[in-house]
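J.: just need the structure, nothing else, for what follows:
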Amino acid sequence: MLVDAMYARCCGLYVLRAPVPTTIPLRGTDVSAKVVDFSCEVQLTQTYHNDGVLPLEAVYLFPLDERAAVCGFEVEIDGVITKGVVQEKQQARNTYERAIARGDQAQLLEQKKGDVFQMEVGNLAPGQVAVVKITYISDLKISFDAVRFFLPTFVAPRYNPWGEHNPVHGSSSNRHLPEGLRVQVLAIMPSTITRVACATHAVQQEMLGEAQKVCRIQLAGDATHLDKDFVLEISFQDAHRPRLAVEKGADGSHACMLTLCPKFELDEIPCELVFVVDRSGSMSGSKITQAMGAMKLFLRSLPADCYFNIVSFGSRYELMWPSGSRKNGADTLRAATAYVDRMRADFGGTELLAPVDAVLRSAGVKGYERRLFVLTDGEISNTTEVMKAITKNGKTRVFALGLGHGASHELVDGIARAGKGTADYATEDDRLEPKIIRQLGQALQPSLTNVEVHWNVSPPPPPESERKQDQEAKQAAAAAAEGEKQSGGVFGAFEGVVGSLLGFKKQPRTQAESPFVQAPFVVPPVFHGERFLLFCLLKPGVEPPREVGVAADTPEGKLAVSLTPQPQDVFEGSVLHTMAARELIRDLDEGRSFMHSSDKEPSKADVRREIVRLGTTYNLVSSETSYVAVQPGKGQPVIVREVYYGPVIVARPQPMPMYMSACAPMAMCSAAPMSAVASMSSAAPMMFGGGAMFGGGGGALRKKSARAQPQQQQQQ
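T.: Okay, here's the model as predicted:
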């Protein structure tokens with residue numbers, strides 16, 4: 001439809017049914033972050049203002065770090081603060097829909113993808129202001145000797161190879177928010193801060209205290225627009241100190257975090273290196289130039305004893321050498337360099353599954369371990385299918401390099417996890433050389449096998465009543481077995497059998513029934529210089545470990561280390577509990593959890609129930625849980641004849657006679673307040689809070705069915 005095409009090219013927040021896009025002002029966005037050691041707590045505050053004459057619903061997609069655990073949601077309207085509650089996803093949607101139908105004000109926060117969230121602000125009255133606060137926590141990556149705080153600022157268009165509806169669109173438009181965007185970071189480190197750097201934006205920094213362990217960082221100027229991701233690196237002394245942190249929760253349970261940065265040097269092994277390079281249309285401009293530069297660095301750094309090949313992909317894919325990888329040498333290196341020089345972003349869409357699957361299925365070079373490198377901006381929508389293909393193969397280690405601003409962390413981090421490799425990112429502002437050299441070095445390391453973590457915890461002792469019952473049952477069973485044995489009865493030939501053949505049922509033991517659950521369940525790979533991170537949730541009553549051991553086999557023998565919690569690493573709170581729960585949910589989503597460790601695959605319903613349990617227990621937005629908040633209104637229901645559901649603002653006008661005709665959605669046009677009408681050129685930008693993150697991606701929006709009309713309105 002024409003209306004679909006027009007609105008699919010728009011950016012920001014809009015009333016949909018209007019002669020031209022009508023902006024719903026997102027007045028400003030504030031980001032306040034507290035970085036403590038290797039974790040952060042971020043509060044995102046968005047201020048919405050309806051300056052029109054009709055009640056409206058704002059539908060807004062925004063990006064968050066793929067590692068984020070969204071654990072707080074509150075809304076302030078007319079001075080009244082309402083805290084959101086976490087419900088099962090469909091239940092939360094129903095709560096929201098019923099509130100809107102009653103005329104109440106409501107807000108809904110959902111996860112659309114691993115790194116994309118959607119918020120709906122419903123029934124915002126004319127002239128009314130809504131202040132929405134979202135809180136999330138996350139662990140931080142290490143970039144060499146610095147922690148890396150990452151703030152995504154727009155959702156790039158995600159290509160869908162099957163042409164299905166995709167709610168994630170984007171644009172690189174560079175326009176200002178009405179009242180700007182403010183970012184402030186408070187860094188609290190365990191030792192002296194040695195460097196604060198932001199290659200993406202100009203920042204101001206202020207050291208607090210003589211020890212120089214605390215620093216306040218903010219964007220230069222009162223407010224700004226963000227047309228690219230905000231990346232902050234903070235270096236401090238002893239950044240690689242291994243530690244075992246123990247947190248006691250309000251219910252008496254404990255959560256542990258094990259982190260260390262292994263250091264070992266082993267001989268490189270012969271490898272076959274296959275480079276899969278994104279040449280889709282979304283890579284045009286600086287990103288394809290960056291990909292070409294990265295490939296030339298890889299080629300110049302190849303070891304003498306290796307085989308390699310290059311695969312270009314987009315809507316189609318091609319292998320530089322269709323017959324297979326070739327030995328590194330002067331001729332092959334010259335041919336590969338010439339091939340890279342001819343690269344252009346001219347392969348259409350971004351279909352990563354086919355080339356990855358083709359490489360994984362092909363025969364490798366005998367005597368050489370295969371390593372797969374993916375260079376991409378990550379703008380695809382079928383991330384899950386790609387990860388499943390890599391996990392199913394299980395033999396090829398996969399390394400991913402995300403290019404440019406807006407690269408999907410869900411894809412880049414996800415395929416590295418699935419392939420037991422590493423992920424890194426390079427923006428136009430980063431130096432490629434150290435990233436390429438480090439990732440190539442990691443790929444050439446021999447695989448550390450049989451990685452084991454020993455948490456050294458024991459089940460809590462059972463209550464006195466259970467111990468007494470258990471002892472009596474054992475005594476009775478032993479007496480019965482002894483009697484049968486002496487009388488030559490049926491049990492005489494089965495010493496030790498104490499259960500009844502008529503009523504015994506073996507209870508399967510899973511990790512969920514053990515004294516702890518580990519996340520991620522599959523121990524991540526161990527690389528020299530790469531942070532190793534594990535969480536552990538202990539049941540209430542289980543004493544925390546006094547020592548944890550990590551061991552792995554290498555070609556040179558076993559390597560091991562043991563850690564004990566230091567006094568400064570033992571505390572009370574809920575941060576580690578929440579981060580551990582988020583990691584458990586990711587395991588469940590990706591099919592690598594404790595529930596998937598047995599021979600029998602768990603049902604989707606069982607996995608879903610466990611995700612809902614974790615989400616509601618730890619107040620987390622997830623694939624199966626959402627936040628919802630409701631403020632009672634005047635009880636006047638809203639009539640909606642047709643709603644187009646896409647990355648735009650949807651208008652939900654109160655009942656008026658002119659809307660009762662059988663007109664198309666554009667029937668609303670004559671009622672749209674002229675003061676609210678804005679041309680496409682004046683649209684607010686994407687960013688963290690409302691601007692050019694939508695549009696530019698083409699694609700049609702999907703029409704959503706009208707709500708069932710309340711009975712009292714049907715009688716009018």
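J.: okay, CA-based contacts and neighbour counts for the rest of this
T.: Noted.
J.: other SSEs contacting the one helix or strand I310 maps to?
T.: Using DSSP states H and E, I310 maps to strand 306-313. Applying 3 or more C-alpha pairs under 8 Å, 6 or more residues apart in numbering; DSSP states H and E, we find strand 306-313 packed against strand 271-278, strand 317-319, strand 326-327.
J.: my read: V116 touches P63, true?
T.: Yes - in this structure, V116 is within contact of P63 by C-alpha atoms under 8 Å, at 4.6 Å.
J.: of those two, which one has the most company?
T.: P63 (26 against 20; other C-alpha atoms under 10 Å).
J.: was I right to think the more buried one contacts G114?
T.: No - look at P63 against G114 with C-alpha under 8 Å: they stay out of range, at 9.3 Å.
J.: what does the strand holding I310 rub up against?
T.: By C-alpha atoms under 8 Å, 6 or more residues apart in numbering, the residues outside strand 306-313 that reach it are 270-280, 317-321, 324-328, 336, 347, 350-352, 355, 365, 368.
J.: now list the buried members of those residues.
T.: 270-280, 317, 319-320, 324-328, 336, 347, 350-352, 355, 365 (16 or more other C-alpha atoms under 10 Å).
J.: figure out how far stretch 362-381 is from the centre of its chain.
T.: 22 Å (C-alpha atoms, centre = their mean, to the nearest Å).
J.: export only the CA atoms of the strand holding I310, formatted as CSV.
T.: C-alpha atoms of strand 306-313 as CSV (Å, rounded to 0.1, in the frame of the first residue of the first chain):
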residue,chain,number,x,y,z
CYS,A,306,48.0,-22.1,6.9
TYR,A,307,45.3,-22.5,4.3
PHE,A,308,42.7,-19.8,3.7
ASN,A,309,39.8,-18.7,1.6
ILE,A,310,37.5,-15.7,1.3
VAL,A,311,33.7,-15.9,1.0
SER,A,312,31.7,-12.8,-0.1
PHE,A,313,28.0,-12.8,0.8
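J.: strands paired with it, and their directions?
T.: Applying DSSP bridges, strand 306-313 is found paired with strand 271-278 (parallel), strand 317-319 (antiparallel), strand 326-327 (antiparallel).
J.: for the ones you listed, which one sits closest to K604?
T.: strand 271-278 (32.6 Å; C-alpha to C-alpha).
J.: just to revisit the earlier point, adding mean pLDDT and distance to D341, write the helices and strands packed on strand 306-313 out as a markdown table.
T.: Formatted as a markdown table, the helices and strands packed on strand 306-313 follow (pLDDT from 0 to 100; distance: least, C-alpha to C-alpha, whole Å):
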| stretch | mean pLDDT | distance to D341 |
| --- | --- | --- |
| strand 271-278 | 97 | 13 |
| strand 317-319 | 96 | 15 |
| strand 326-327 | 97 | 19 |
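J.: to K395, which of those strands lies closest?
T.: Nearest to K395, of these and by C-alpha to C-alpha, is strand 271-278 at 12.7 Å.
J.: name the helices or strands packed onto the helix or strand that that closest one is followed by?
T.: Once the chain leaves strand 271-278, the next helix or strand it forms, by DSSP H and E, is helix 286-301. Secondary-structure packing of helix 286-301 (3+ C-alpha pairs under 8 Å, 6+ apart): helix 330-341, strand 397-403, helix 432-444.
J.: tell me the buried residues in helix 286-301?
T.: In helix 286-301, residues buried by neighbour count (16+ other C-alpha under 10 Å) are K287, I288, T289, Q290, A291, M292, G293, A294, M295, K296, F298, L299.
J.: from G421, how far off is the residue lying closest to the first one once chain neighbours are set aside?
T.: Going back to what we said before, that points to K287. Of all residues not flanking K287 in the chain, G404 sits nearest, at 5.8 Å (C-alpha to C-alpha, 6 or more residues apart in numbering). Using C-alpha to C-alpha, to the nearest Å, G404 is found at 20 Å from G421.
J.: wait, the residue nearest to K287 touches G378, no?
T.: No - the pair G404 / G378 is not scored as a contact, 9.6 Å apart, by C-alpha under 8 Å.
J.: more crowded one of those two?
T.: G378 (29 against 24).
J.: what's the pLDDT at the more buried one?
T.: The model reports G378 with a pLDDT of 80.
J.: what sits against it?
T.: R158, G402, L403, A407, S408, H409, L411, V412.
J.: could you rerun that using 7 Å?
T.: Applying C-alpha atoms under 7 Å, 6 or more residues apart in numbering, we find G378 in contact with G402, A407, S408, L411, V412.
J.: pretty sure the first one sits against T422.
T.: No - shown here, G402 and T422 do not form a contact pair, counting by C-alpha atoms under 7 Å, at 11.2 Å.
J.: so what sits against both of those two?
T.: With C-alpha under 7 Å, 6+ apart, G402 and T422 have no common neighbours.
J.: thinking again about what came up before, which one, of the helices and strands packed on helix 286-301, ends up nearest to Q518?
T.: strand 397-403 (22.8 Å).
J.: and for the closest one, what's in contact with it?
T.: Under C-alpha under 7 Å, 6+ apart, the answer for strand 397-403 is 287, 371-378, 412, 415-416, 419-427.
J.: among these, which lie within strands?
T.: R371, L372, F373, V374, L375, T376, A423, D424, Y425, A426 (DSSP state E).
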